[in-house]
Every structure is written in structure tokens, then in C-alpha cells.
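Q: A predicted structure for the sequence below; I have some questions about it.
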Amino acid sequence: MIDTLDDLDVEGTTVGVRVDINSPIADDGSLADDARLRAHVDTLSELLERSGRVAVLAHQGRPGGDDFGCLSPHADRLSDLLGRPVDYVDATFSQAAREAVQSLEDGDCVVLENTRFYSEEYMEFDPDRAARTQLVANLAPVLDAYVNDAFAAAHRSQPSLVGFPTVVPGYAGRVMESELDVLGSIEETPEPRIYVLGGAKVPDSIDVAWSVLEKDLADHILTAGVVANVFLIADGVDLGDASSDFIYEQGYWDEIDRASDLLDAYGDRIALPRDVAVDRDDGRHELGVNALPPQEGEAAMDIGSSTLAYYERLLEDAGTVILNGPAGVFEDDRFELGTRRLYGAATDVPTSIVGGGDTASALRRLGVEGFSHVSTGGGAALQMLTADQLPAVSALERTVDTASDRNDGH
């Protein structure tokens with residue numbers, strides 16, 4: 001069992017809140033998209049309105065990446081979204097950071113610096129070892145409680161995600177609570193249940209396919225994107241050198257054998273594209289799988305109209321649809337058709353659940369709305385759908401005894 005904000009006596013309490021506000025950064029250093037910040041507004045607003053003293057922990061980008069940077073613009077945007085001042089300090093666990101946290105008054109909020117500026121945060125540890133890292137060991141003494149609202153990062157075992165609840169009473173924020181409620185009860189959703197697996201996370205998608213088919217959670221799996229290309233090759237379709245080379249370069253060639261095994265075991269429940277769209281000089285050109293391979297240099301960039309009609313017919317009878325990954329290269333207007341129509345059809349299904357990451361980005365770009373639940377996490381959502389335990393969630397479950405022990409001691 002995991003405690004939530006309902007179980008936390010917030011007033012006058014100094015709370016470290018781990019959020020996932022990792023966002024696209026514009027050329028001028030500003031935030032190009034604030035969707036992830038908006039997701040955490042309810043949790044942060046509630047804590048502040050209940051007179052909590054809030055220290056925000058978060059990361060931005062990966063070391064060496066173009067989006068790797070400080071959290072100053074995030075603090076500015078949070079101030080706008082929350083309608084109250086949000087301070088920023090360019091330190092995470094140093095004396096300056098601790099003093100900033102200790103100086104908070106009831107209803108105050110400060111954003112600490114990017115946790116990934118420190119090498120230990122980009123490593124994974126078991127919770128007990130994570131609790132001994134510099135970040136946790138130095139910052140935990142000035143915190144009364146820890147709230148994890150970063151579901152999108154919950155599949156990682158980094159210090160800020162699993163270390164704090166080992167030594168500080170831990171609680172799930174509203175985003176985390178909602179995600180666990182929805183994704184943790186897939187087996188209770190209406191049937192027939194259809195999974196749409198697209199995008200380019202081939203190993204993760206095949207893991208999900210194996211898991212939900214073995215557990216009889218899926219009546220059908222519809223494939224799209226690079227995932228579909230791997231299944232088509234596994235089914236003996238010649239997609240041409242361009243698509244095959246991409247799969248090889250991404251390190252997914254061995255996944256073809258796994259896809260083949262899946263087709264052997266559950267082929268009657270796995271739907272493959274009947275046609276694909278390629279890029280030609282005159283624009284989008286659709287080819288039936290029996291007309292493949294395409295011309296030299298042409299790659300499968302989207303599912304075709306025949307496939308869409310086929311998939312839409314299957315979705316008409318669905319009780320639940322779980323979608324992860326776009327159907328094609330939606331960033332190119334010529335190849336957004338598959339994603340737009342497939343996801344549009346999914347909004348008519350009684351229960352429609354969408355994985356985060358690239359999928360959520362595609363939906364925002366295309367303006368597709370009307371889903372029952374849009375997850376904030378891509379990798380975390382996929383891992384949860386395989387029924388694998390998320391490290392950050394396990395850490396919150398462990399903290400219940402810690403919290404009880406502390407309460408018993410006072």
C-alpha cells in the first residue's frame with residue numbers, strides 16, 4: 001500500500017517533491033513546451049495551499065544533450081502556472097540548497113537545481129545504496145516528507161527517485177496516484193481489449209506484447225510504426241533496404257526473431273499492416289504489402305489507408321484500447337495520416353488509455369483529444385503494462401514501515 005497526499009499532514013511540513021518536468025528547450029533557452037509542468041500543478045498547488053514548504057526536485061535533459069541545462073526557466077514558468085512566486089537556487093544538496101530549503105515559510109516553493117548535474121543521479125542503485133548518495137544524505141535531513149509525483153521516471157532506480165523514501169516518509173503525488181490507479185488495473189477494464197503498439201521502442205513493445213498475450217489481457221494487438229516494420233519482416237515481407245537498414249542501425253535486428261516467435265504463438269491475435277506509405281518525389285505513395293519491396297531508397301514511413309480501415313473496424317467493437325507510440329513519422333505532414341486517424345478512432349472506444357512520451361507529443365501536435373487517460377510516462381507506462389514493478393513505486397511501498405516507525409517513535 002502507498003500513502004498519498006491524503007495521508008500527509010502538510011501544514012508547516014517541509015516536503016521534497018520529485019517531479020518530471022523534463023521539457024523540450026528552444027534555441028533561446030526557454031521552454032518550448034510546458035505540458036509536463038502543467039501535469040504537476042495540482043500536486044504542487046495542493047501542497048502549497050495546505051501551507052506546505054515545498055522544495056522541487058527535477059532533472060532536465062541528459063548529460064551532453066542539447067536540452068541538458070538548469071531549471072531556472074522551469075521555476076519561472078511554474079510561478080506563472082501556480083500563480084505565486086517560485087524561487088530557484090542553482091544548487092541541489094549543497095549548503096546553499098539546504099539553507100534555501102530551511103528558509104522556506106508556509107506556502108513557499110523553491111526549485112532546486114537539475115539533479116543530473118551530479119553524476120550519482122545518472123546512475124541506478126538499490127534504495128539502501130541510493131540513500132547513501134551525496135544527494136540524499138545531504139538533503140534528506142532538511143526534509144520532513146518526500147512526495148514522488150514523477151511517474152514518467154518511475155521505471156528508473158536513481159537516488160532522487162528511490163533513495164529519499166528509504167530515509168524520509170514517502171507519499172505519492174496526484175499524478176503518481178492517478179497513473180497507478182489507471183495503469184495498475186488494466187485487467188478490470190471493459191473487453192474486448194485492444195493494444196496498439198507503434199513508435200520505435202521495439203524491444204519494450206515486444207515485451208508488452210508477450211506479457212499481455214500470455215496473461216490473456218489482450219484480445220488483439222495492432223502494430224504500427226517501426227514496431228510494425230519489425231513484425232512485417234518477421235512475417236517474411238521484404239520492406240526494402242531503407243527500412244531494414246534503419247532497424248539494423250537502431251540495434252533491433254535481433255528483435256525480428258522475437259517478433260517471429262510471437263507470430264508463431266499468437267499470430268491470430270496480432271494484426272499487421274496491409275499496406276504502407278513511402279516517400280516519393282510526388283509525395284506520399286501507398287503500397288500494398290504484396291507490392292513490396294518499394295523502390296530503392298524508399299522507407300515505410302506510415303501505415304496505409306487499407307490498414308487504417310482494417311484497424312478502425314477492429315476498434316469499433318473494442319471495450320478498451322491501450323495505445324503506445326505513433327503510427328508513423330507524424331512530424332512530417334505527409335505521414336501524419338496514420339497517427340491522426342488511428343488515434344481519432346480510439347477516442348470513440350469506451351475506455352481509451354494512451355501511453356506518454358512520443359505518443360503524447362504526437363497527440364498535442366495533431367490536436368487529437370477525447371481519451372479516458374493520457375499517461376505522463378512512456379517507458380514507465382510500458383513497463384507497468386508488463387506488470388513489472390517500477391523501482392520508484394516499490395520504494396514508496398517500502399516507506400510505509402519507515403513512516404510508521406517514525407510515527408511510533410514520537
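A: It's in.
Q: Return the helix or strand in the chain with minimum mean pLDDT.
A: Across the helices and strands of the chain, mean confidence by mean pLDDT, DSSP states H and E is lowest for helix 391-408: a mean of 70.
Q: tally of neighbours for Asp80?
A: Other residues within reach of Asp80, judged by other Cβ atoms under 10 Å, total 11. (Glycine included, C-beta is placed from N, CA and C.)
Q: Helix or strand: which one has it?
A: Per DSSP states H and E, Asp80 falls inside helix 72-82.
Q: so the closest residue to Gly355 other than its chain neighbours bridges to which residues?
A: Nearest residue to Gly355, sequence neighbours excluded (Cβ to Cβ, 6 or more residues apart in numbering): Asn324, at 3.4 Å. Note on Asn324: beta-bridge partners by DSSP bridges are Leu197.
Q: same deal with Tyr88?
A: Val111.
Q: Quick check: it vs Ala392, distance?
A: 24 Å (Cβ to Cβ, to the nearest Å).
Q: Have a look at those two and say which one is more surrounded.
A: In this view Tyr88 and Ala392 are compared by other Cβ under 10 Å, and Ala392 has more residues nearby, 26 against 20.
Q: which residue sits closest to that one, ignoring its sequence neighbours?
A: On the basis of Cβ to Cβ, 6+ apart, the spatially nearest residue to Ala392 that is not a chain neighbour turns out to be Ala154, at 3.8 Å.
Q: Let me know whether that neighbour touches Pro391 as I believe.
A: Yes: between Ala154 and Pro391 there is a contact at 7.1 Å, judged by Cβ atoms under 8 Å.
Q: those strands in the stretch 201-350 of the chain, which residues are they?
A: Counting by DSSP state E, counting those that start in this stretch, one finds strands in the stretch 201-350 of the chain at the ranges 220-223, 270-271, 275-280, 283-288, 300-303, 320-324.
Q: Could you export those as CSV, including mean pLDDT, mean neighbour count and distance to Arg334?
A: Shown next, in CSV, are the strands of the stretch 201-350 of the chain (pLDDT from 0 to 100; neighbours: other Cβ atoms under 10 Å; distance: least, Cβ to Cβ, whole Å):
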stretch, mean pLDDT, mean neighbour count, distance to Arg334
strand 220-223, 98, 25, 21
strand 270-271, 98, 20, 24
strand 275-280, 94, 23, 7
strand 283-288, 94, 15, 4
strand 300-303, 96, 28, 8
strand 320-324, 95, 27, 22
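Q: can you tell which of these is closest to Gly61?
A: Among the strands of the stretch 201-350 of the chain, strand 320-324 comes nearest to Gly61, with 22.8 Å by Cβ to Cβ.
Q: Many thanks, we can stop here.
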